[in-house]
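Student: Here's a sequence, model it:
(2 chains)
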Amino acid sequence: MDPYIKKSMDNLAAADSLVSGDCYEASAHSAYYSIYLLSKELLNSRFCVGYEEQKRLVNGPKSHQKFIKKFTECLNTVSNFEPNDFVQWFYQTNMLRNKADYKPEKLRQPIYEANVKYALDFAKGINDKFKLY
Amino acid sequence: MTAQDFLKKTLKKWESLFEGIKLKYAYDAVTEYHIVEVKPEEIRRGSVDYKKAEMRLWVDFMEQYPDECLLICAPSDANDMTNILFETKTTWSFIISQEKVIREMVDYTRYDFYQVHSSNIAEIQLKNNSYALAA
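Tutor: The predicted structure follows:
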């Protein structure tokens, strides 16, 4: 199995385990990275955006925004495919990761559970379409 | 044009393009996210034209404001919408003056009668949904 796919799946399992164990903020990180790492493999293997080019995208402030932009551009080239949900889930989990880091108040567990589901739906949807694993 | 003005301009256009759409736009300064909540789902994920417009907004926004983050989604408790910058005036309610029109449109076996405000206005809440029809 490709290392990034394995890392993605490990992060997804971690996110699920952490949210069940009341480690909500940590689950937010794992959920986001599950999506990010799977997207790295997707861009590399299906859209010829190599890891070196990806490294240049994620260099500097707000770096992941540039990566999500590249991800969106690539998915928009696929015919008969609506990437809306995938872009939404990417941003949604990214925002919750930021919130987990910087917002002092605790959010409720269902929010983090829904967040893990976004990551799960993302992985399933991407694999259904692109057959990464 | 600032990112906020760009979004407000686009959302005003959406309000006229998509009848019945309800939009709420807020900026969360802590996460540095522009958040646009969209309902109902019949439009958000049921309208092909809306989905195209949504993707066009994302692409245009990413191009013009590469350092800004935009989330467009259904209403969610995860979103901090306290700093609202734009909200559509369209509500779930629409005024119907003729009772017979209500009877033609509403299957009373499916709806609970929620509240009657006046002889001209009635709000009916759908079972299992959060719609309200005002007539």
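Student: ok, residue B:28 touching residue B:83?
Tutor: Yes: with contact defined as Cβ atoms under 8 Å, residue B:28 reaches residue B:83; the gap is 6.9 Å. For the C-beta atoms, the positions are set from N, CA and C on the backbone; glycine is no exception.
Student: ok, these two, which is more surrounded?
Tutor: Taking neighbours as other Cβ atoms under 10 Å in any protein chain shown, residue B:28 and residue B:83 compare with residue B:28 leading, 20 against 11.
Student: For the more buried one, which non-adjacent residue is spatially closest?
Tutor: residue B:80 (4.5 Å; Cβ to Cβ, 6 or more residues apart in numbering or on different chains).
Student: and that neighbour, helix, strand or coil?
Tutor: coil (DSSP: H, G, I helix; E, B strand; the rest coil).
Student: May I have the secondary structure class of the residue nearest the centre of chain A?
Tutor: A centroid search over chain A (Cα atoms, centre = their mean) returns residue A:35, at 1.8 Å, as the residue closest to the centre. When classified by three-state DSSP, residue A:35 comes out as helix.
Student: Kindly spell out which helices and strands sit in contact with the longest helix along chain B.
Tutor: Taking DSSP state H as the assignment, the helix of chain B that covers the most residues is helix B:48-64. The contact analysis (3 or more Cβ pairs under 8 Å, 6 or more residues apart in numbering or on different chains; DSSP states H and E) places helix B:48-64 against helix A:63-75, helix A:84-102, helix B:3-17, helix B:41-44, strand B:69-73.
Student: looking only at pLDDT, what's the mean for the last one?
Tutor: The average pLDDT within strand B:69-73 is 97.
Student: Contacts for that strand, please.
Tutor: The set of residues external to strand B:69-73 that reach it, using Cβ atoms under 8 Å, 6 or more residues apart in numbering or on different chains, is A:62, A:65, A:88, A:91-92, A:94-95, B:7, B:31-38, B:54, B:57-58, B:61-62, B:79.
Student: Narrow these to just the buried residues.
Tutor: Buried subset of those (neighbour count, 16 or more other Cβ atoms under 10 Å in any protein chain shown): A:65, A:88, A:91-92, A:94-95, B:7, B:31, B:33-38, B:54, B:57-58, B:61-62, B:79.
Student: for the helix or strand of chain A with the lowest mean pLDDT, packing partners?
Tutor: When each helix and strand of chain A is scored by mean pLDDT, DSSP states H and E, helix A:51-57 comes last, with a mean of 90. Here helix A:51-57 touches helix A:24-47, helix A:63-75, going by 3+ Cβ pairs under 8 Å, 6+ apart.
Student: Please list the residues of chain B that sit near chain A.
Tutor: B:28, B:30-33, B:35, B:45, B:51, B:54-55, B:58-59, B:62-63, B:66-73, B:76-78, B:80 (Cβ under 8 Å from any Cβ of the partner chain).
Student: buried stuff in the helix or strand hosting residue A:5?
Tutor: Assessed by DSSP states H and E, residue A:5 sits inside helix A:3-20. Using 16+ other Cβ under 10 Å as the test for burial, helix A:3-20 gives A:4-5, A:7-9, A:11-12, A:14-16, A:18-19.
Student: still on that earlier bit, does the residue nearest to the centre of chain A really touch residue A:88, like I thought?
Tutor: No: with contact defined as Cβ under 8 Å, residue A:35 does not count as touching residue A:88 (11.1 Å).
Student: and chain A, which residues reach chain B?
Tutor: A:61-62, A:65-66, A:68-69, A:72-73, A:76, A:82-85, A:87-88, A:91-92, A:94-96, A:98-99, A:102-103, A:107-108, A:110-111, A:114-115.
Student: Residue A:41 and residue A:132 touch, don't they?
Tutor: Yes: the criterion here is Cβ under 8 Å, and residue A:41 meets it with residue A:132 at 6.1 Å.
Student: Between these two, tell me which one has more neighbours.
Tutor: For residue A:41 and residue A:132, the more surrounded residue by other Cβ under 10 Å is residue A:41, and the numbers stand at 21 against 18.
Student: Count the neighbours of residue A:36 for me.
Tutor: Residues lying near residue A:36 (other Cβ under 10 Å) number 23.
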